[in-house]
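**Q** pasting the structure only:
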């Protein structure tokens, strides 16, 4: 149902040590999630049952994986992304896939809402503005603000020409 190669997107919010290093461990938005983070639930993702926190191994039950990073982001911007991602936890899943609503969201909209400084490509589908995981991956192509940090295809690591492989995987969708 989701167009393109990539079927899911999520955000790594970090470990206790990482959040302490950023100075946001005791932030009012982060504090309620401290037990979840201490339990190893460092991924925020929107699933059919809503926006939840899960451990990395739950998220990594896949064959293809692209870890994208904003290489030029400073710690204050990174903190804001994490806080915005955590603000989405508990929201319902948006089965209308409408990026213009914020009370219910899909996985790619989670990224859209957390990374507010990126101009995201949206597509009109069934009269609604939508954003897909492939739209997110596009920002790692053609000198976009995101860079490929890790790439796996068919369960195997891609260590050379990662951006070219990402583009090739996305071209297969046509």
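**A** Done, it's in. Quick caveat, the model's predicted, so the values are computed rather than measured.
**Q** can you map out the helices along this protein?
**A** Ranges of helices within the chain are 16-22, 34-38, 56-59, 75-87, 107-114, 133-137, 162-171, based on DSSP state H.
**Q** which intervals of the protein have sub-threshold pLDDT?
**A** When residues are selected by pLDDT under 70, those of the chain lie in 1-2, 172-174.
**Q** dump the residue contacts of the residue nearest to residue 72 when sequence neighbours are not counted.
**A** Nearest non-adjacent residue to residue 72, counting by Cβ to Cβ, 6 or more residues apart in numbering: residue 145, 7.2 Å away. To be clear about C-beta, it is placed using only N, CA and C from the backbone, and glycine gets the same treatment. Shown in contact with residue 145 (Cβ atoms under 8 Å, 6 or more residues apart in numbering): 70-72, 118, 139.
**Q** run the last query once more with 10 Å
**A** Going by Cβ atoms under 10 Å, 6 or more residues apart in numbering, residue 145 touches 68-73, 115, 117-119, 139.
**Q** May I see the PyMOL selection of the buried members of these?
**A** To isolate the buried members of the contacts of residue 145 in PyMOL, using 16 or more other Cβ atoms under 10 Å:
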select buried, resi 68+70+73+115+118+139
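**Q** ok, of the contacts of residue 145, which one's closest to residue 49?
**A** Ranked by distance to residue 49 (Cβ to Cβ), the contacts of residue 145 are led by residue 115 at 23.6 Å.
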